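Colleague: 3D, please:
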Amino acid sequence: MSRQNKNRGFGLVEIMVGMVISMIASIVVFQVFASAERQKRGTTGAADAQTNGALSLSMVESDVKAAGWGLDAHTFSDCDRVFSYVDDGVSAPGAVPNLLTPAVITEGGTGADQISIRYFDNPANANYKFALTALTAKPAAGSESMRVRSLYGCTPSVAVPKPLAIIQQSGTCTLVQITKVEKPTLTIWTESGLGAPSYNPPWAYKLANAWPAYDKGADLQCFPQLSQKTYRITNGQLELQEPDANGVLQTFQIAPDILRLQAQYGITDVCAG
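Modeller: The predicted structure is shown next:
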């Protein structure tokens, strides 16, 4: 009898106690693992968010620094009145908004702001030509042509939309589109009604909106085209909206997990010396 007691195995109660102890140990181990995993994800997520934010800020900063590229700011910064027109064949014809404003912040209220940046040529264009000239004669009333000192950089190209130009004199600016040039006479034509997009209004529109006439000596600068980039937040992603080479608006996702975009203009006093 004594020998049989010594060779007896575990009883049911002992097995159940052992299983309970094992389950408790497993729960503790899994809780520690889950806590460590949460900390890891939190640390990784914060690092990713900081990286996305830094890259996004760098892109926006680079584009904002180049805002207004392609236009002689010193010549056209003092325009008190700006006349412009665009007929894109889709929307109702009218003035070009914020034509000479290099950057516009759209207030988002309690949500994210939106930043739009205007260029007068692509900053990446290696073939950019600074084309600042002047009128050599006063255009006749109703005329769609102007004689200038130089056509450098003002020749229309078949590879891109017809170039544009801004005329400035005595604080008044006007946007025009160059439809053709005559090299022998140094003449620029700004014909209307040649198809969308058209930046040259018909004569009736000019009369109705009191478009200005310019005299000899008015400044004129040609540039390839208007281009605008817009940064905005959509569903937690930073998006860039800009036209492609054909002028069709495209939207690109830049960075995920960007919750807010807040911007404001900075104004400083002019320092002399």
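Colleague: use CA for all of it now, contacts and neighbours both
Modeller: Fine.
Colleague: Look up how far S170 lies from the closest residue to Y128 other than its chain neighbours.
Modeller: Spatially, and ignoring its direct neighbours in sequence, Y128 is nearest to D121 (7.6 Å; CA to CA, 6 or more residues apart in numbering). From D121 over to S170 the distance is 25 Å, taken as CA to CA, to the nearest Å.
Colleague: More neighbours: those two, which one.
Modeller: Remark: of D121 and S170, D121 carries more neighbours, 20 against 12, as counted by other CA atoms under 10 Å.
Colleague: shouldn't the more buried one be in contact with L226?
Modeller: Yes - counting by CA atoms under 8 Å, L226 is a contact partner of D121 at 6.6 Å.
Colleague: any chance you could map the helices in the stretch 51-200 of the chain?
Modeller: Per DSSP state H, counting those that start in this stretch, the stretch 51-200 of the chain carries helices over the ranges 73-76.
Colleague: The spatially most central residue of the chain sits in which helix or strand?
Modeller: Nearest to the geometric centre of the chain sits K229, at 1.5 Å (CA atoms, centre = their mean). Element membership for K229, per DSSP states H and E: strand 227-234.
Colleague: how distant is the helix or strand that that strand is followed by from the center of its chain?
Modeller: Where DSSP H and E defines the elements, the next helix or strand beyond strand 227-234 is strand 237-243. Chain-centre distance of strand 237-243: 7 Å, with CA atoms, centre = their mean, to the nearest Å.
Colleague: And for stretch 84-101, what's in contact with it?
Modeller: 68, 77, 83, 104, 118, 174-176, 196-201 (CA atoms under 8 Å, 6 or more residues apart in numbering).
Colleague: make it 6 Å
Modeller: Residues outside stretch 84-101 that contact it (CA atoms under 6 Å, 6 or more residues apart in numbering): 174-175, 196-199.
Colleague: Which PyMOL command selects the buried ones in these?
Modeller: In PyMOL, this line selects whichever of the contacts of stretch 84-101 come out buried by 16 or more other CA atoms under 10 Å:
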select buried, resi 174+175+197+198+199
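Colleague: Let me have the contacts of stretch 84-101 in CSV, extended by distance to Q262 and pLDDT.
Modeller: Written out in CSV, the entries for these read as follows (distance: CA to CA, whole Å; pLDDT from 0 to 100):
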residue, distance to Q262, pLDDT
T174, 33, 96
L175, 32, 95
A196, 36, 75
P197, 33, 82
S198, 35, 88
Y199, 33, 91
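Colleague: Narrow the contacts of stretch 84-101 to those in strands?
Modeller: 174-175 (DSSP state E).
Colleague: Show me the two of the contacts of stretch 84-101 that sit farthest apart.
Modeller: Farthest-apart pair in the contacts of stretch 84-101 is T174 and A196; separation 18.9 Å (CA to CA).
Colleague: related to what we said a few turns ago, right, and the residue nearest to Y128 touches G70 too?
Modeller: Yes - the pair D121 / G70 is scored as a contact, 5.1 Å apart, by CA atoms under 6 Å.
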